[in-house]
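In: Return atomic coordinates for the entry below.
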Amino acid sequence: MRINWNYIIGILLLSLVVFLYGFSNLRNSTQKIADISIEFEQGDNLFMDYQMVNKLLIQNGGTVRNLTKSVIDLHNLEANVRSHPMVESASVYLTVDGFLKAKIKQRTPIARVVDNNESYYIDRQAKTMPLSDNFSARVLLISGAVKEGNNNEIKELVTAILNDEFLEEQIIAIEKTTKNEYVLDTRVGDQKIILGKIENLDQKFKNLSAFYIKTMADSTIYKYDSINLKYNKQVVATNKVDYGKR
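Out: Coordinates of the predicted model:
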């Protein structure tokens, strides 16, 4: 009977691979967590610090350091980090050298609501974000009759302003009235821009741009107390001395 050595060698090699794989898994699962590594996206940890994240990376009321990899609940740890209101996204995983690593992307605020009772940020996803003791973002200030239910329309308005280089420099604050209308405070000219409701923003800002081009060219911009964009396809400006239409 002829022995098929290729078949036997193949079986032996397969058995060796299975043994090494099992041994590696066993060794890896019994390896203890050496330390915790925290990485903020783009190195930007303005609102959170490493200590804040460490407090989120706890299991059964204690640190994960020196725990074996097999008992680490990565899903739960990642959920803890993601639940923080300053975190936009996060991933938590184990490295081959025994580190528990957390990669975190913080929320990006675009506006700050200022109210007598509370103050908070609205981020680029229209989510509410608390203020931080570590850092204060330089963003547009929103005041007046603001509720969390207004986040989406505020995000729409602020995004439109930030996407326009001139408006980004010119608009310094936004006030929401009890009639669900918005008034913008300006840097140059010190006028109130009466925007009205969040609708037809593109057309309103095109009208505003044309008005500014004309009045800045002839230096008449400083004559006006307010600029009303509520009316269709026209800008109504109120003179600081007397009231009229432009």
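In: Run through the protein and note the low-pLDDT ranges.
Out: 1-30, 42-45, 241-246 (pLDDT under 70).
In: Contacts only, for the closest residue to Asn54 other than its chain neighbours.
Out: By the measure of C-beta to C-beta, 6 or more residues apart in numbering, the closest residue to Asn54 outside its immediate chain neighbours is Ile36, 6.4 Å from it. Glycine gets a C-beta too; all of them are placed from N, C-alpha and C. Residues in contact with Ile36, defined by C-beta atoms under 8 Å, 6 or more residues apart in numbering, are Asn54, Leu57, Thr63, Val64, Arg65, Phe99, Leu100, Lys101, Ala102.
In: Please enumerate the helices of the chain.
Out: Taking DSSP state H, the helices of the chain run over residues 5-30, 50-56, 74-82, 151-162, 165-170, 201-217.
In: Surely Lys127 and Asn152 touch.
Out: No - applying C-beta atoms under 8 Å, one finds Lys127 not in contact with Asn152, separated by 10.2 Å.
In: Tell me which of these two has more neighbours.
Out: More neighbours sit around Lys127 than around the other of Lys127 and Asn152, counting by other C-beta atoms under 10 Å; the figures are 15 against 12.
In: Excluding sequence neighbours, find me the nearest residue to the more buried one.
Out: Spatial nearest neighbour of Lys127, excluding adjacent residues (C-beta to C-beta, 6+ apart): Arg107 at 6.6 Å.
In: Show me which parts of stretch 154-162 are buried, residue by residue.
Out: Applying a neighbour-count criterion of 16 or more other C-beta atoms under 10 Å, one finds Ile154, Lys155, Leu157, Val158, Ile161, Leu162 buried in stretch 154-162.
In: Also stretch 205-221?
Out: Buried residues in stretch 205-221, defined by neighbour count with 16+ other C-beta under 10 Å: Phe205, Asn207, Leu208, Phe211, Tyr212, Thr215, Ile221.
In: mind listing what the residue nearest to the last one when sequence neighbours are not counted touches?
Out: Take Ile221 and drop its neighbours on the chain: the residue closest to it by C-beta to C-beta, 6+ apart is Thr215, 4.0 Å away. Taking C-beta under 8 Å, 6+ apart, we find Thr215 in contact with Ile221, Lys223, Tyr224.
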